[in-house]
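Peer 1: only geometry, no sequence info:
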Ligand code: PAF
């Protein structure tokens, strides 16, 4: 395992087919599953670790973002990463940065209006990583469905040569989608939050049984969430996977995505609805069998 600080050093150390796993650190099994997916099909797995200031719309969030390089390096190595590329700010953004990557339309809905400038910051950082590391494949979680769509579109339109691979959501034992924010939930808030996965699962079952109306799929989610009075929902949307546009009818690859607050913690989750031979297959993600590394020691 090597820790690199510059793009040129990273390219020098990496050999053969390169798989890139971009992260902002504070790893959990969702990130580790990306490393494992990259390990399966590449000679060198590079995990980048950079807390990208461009994608934070609030200074406090950036300052509060948890950082623990030693912990992350240990977890990344155990999952099969060969290189942890942890650039300083000056390597990623030397001098004044006048360039931004904006993917129009795909940022308009869902997370976009809630987080001004966020996706511009993500797309700019990812473009920089793709240009600097030059991976053959890059791995992103399906948990951030909109981010995945934006990165795919950006990489295609800017002719980055490698492919972008989406990896299923990893859930905790009780079904809650893994997120570093889960550590902020009180036991009651966590219990409440389980309704999100229950709602999405009910909708996924309905979609696989042949339900196509967005309103009905969305209502299945609300039937579960509505029963928990302390959850506050921001949106539940059925959107196309390619353009992230709301659709009325499940007639193309889509995802049913939501954002909700449990107490002071904002959570997002989704099920991807992929085409199958006889309709749609719901990607509900995978579940851990043991407690997440998030709750181990200081993590
Ligand atoms: O998903 C993340 O952790 C970040 O948005 C990413 C892709 C590493 C870009 O900074």
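Peer 2: Nice, I can see it. Just so you know, these numbers come straight off a predicted model, no measurement behind them.
Peer 1: Surely residue 28 is in contact with residue 294?
Peer 2: Yes: under the criterion of Cβ atoms under 8 Å, residue 28 lies in contact with residue 294, with a separation of 4.9 Å. Using the backbone N, CA and C atoms, a C-beta is placed for each residue, glycine as well.
Peer 1: Would you map the strands across the chain?
Peer 2: 2-4, 18-23, 44-49, 83-85, 137-141, 163-167, 170-171, 231-240, 254-262, 265-276, 279-283, 286-287 (DSSP state E).
Peer 1: now for the last one, which elements pack on it?
Peer 2: By that I understand strand 286-287. Contacting strand 286-287 under the criterion 3 or more Cβ pairs under 8 Å, 6 or more residues apart in numbering; DSSP states H and E are the following elements: strand 170-171.
Peer 1: So which residues on this protein come close to the ligand?
Peer 2: By the rule Cβ under 6 Å from any ligand atom, the part of the chain lying against the ligand is 22-24, 52, 55, 122, 125-126, 144, 147.
Peer 1: go again using 5 Å as the cut-off
Peer 2: Among all residues of the chain, those adjacent to the ligand (criterion: Cβ under 5 Å from any ligand atom) are 22, 24, 52, 122, 125.
Peer 1: If I look at the fourth one, what pLDDT would I see?
Peer 2: Per-residue pLDDT puts residue 122 at 98.
Peer 1: Next, count neighbours for it.
Peer 2: Counted by other Cβ atoms under 10 Å, the residues lying close to residue 122 total 25.
Peer 1: doesn't residue 147 make contact with it?
Peer 2: Yes: with contact defined as Cβ under 8 Å, residue 122 counts as touching residue 147 (5.7 Å).
Peer 1: Local confidence estimate at residue 298?
Peer 2: pLDDT recorded at residue 298 is 49.
Peer 1: What part of the protein, helix or strand, is modelled with the least confidence?
Peer 2: With mean pLDDT, DSSP states H and E as the measure, the helix or strand of the chain carrying the lowest mean pLDDT is helix 59-64 (a mean of 86).
Peer 1: For residue 216, state which of the residues of the chain next to the ligand is nearest.
Peer 2: Proximity of those to residue 216 was ranked by Cβ to Cβ; the top entry is residue 122 with 32.1 Å.
Peer 1: Contact partners for the closest one?
Peer 2: Residues in contact with residue 122 (Cβ atoms under 8 Å, 6 or more residues apart in numbering) are 52, 54-55, 147, 150-151.
Peer 1: The same query, at a cut-off of 10 Å, please.
Peer 2: Shown here is residue 122, whose contacts under the criterion Cβ atoms under 10 Å, 6 or more residues apart in numbering are 22, 52, 54-55, 101, 103, 107, 115, 140, 144, 146-147, 150-151, 154.
Peer 1: One more: residue 38?
Peer 2: So, once contact is read as Cβ under 10 Å, 6+ apart, residue 38 ends up touching 17-21, 44-47, 79-82, 135-139, 165, 167.
Peer 1: again, only this time at 8 Å
Peer 2: Listed by Cβ under 8 Å, 6+ apart, the contact set of residue 38 reads 19-21, 45, 80-81, 137, 139.
Peer 1: For those residues, pick the one with the most neighbours.
Peer 2: Among the contacts of residue 38, where neighbours are counted by other Cβ under 10 Å, the top count belongs to residue 21, at 33 neighbours.
Peer 1: That one bridge partners, please.
Peer 2: Applying DSSP bridges to residue 21 yields these beta-bridge partners: residue 47.
Peer 1: Kindly provide the distance from it to residue 62.
Peer 2: Residue 21 is 22 Å from residue 62, where distance means Cβ to Cβ, to the nearest Å.
Peer 1: shared neighbours, residue 28 and residue 294?
Peer 2: Overlap between the neighbourhoods of residue 28 and residue 294 consists of 178, 180, taking contacts as Cβ under 8 Å, 6+ apart.
Peer 1: So between those two, which is more surrounded?
Peer 2: Counting neighbours by other Cβ under 10 Å for residue 28 and for residue 294 shows that residue 28 has the greater number, 21 against 18.
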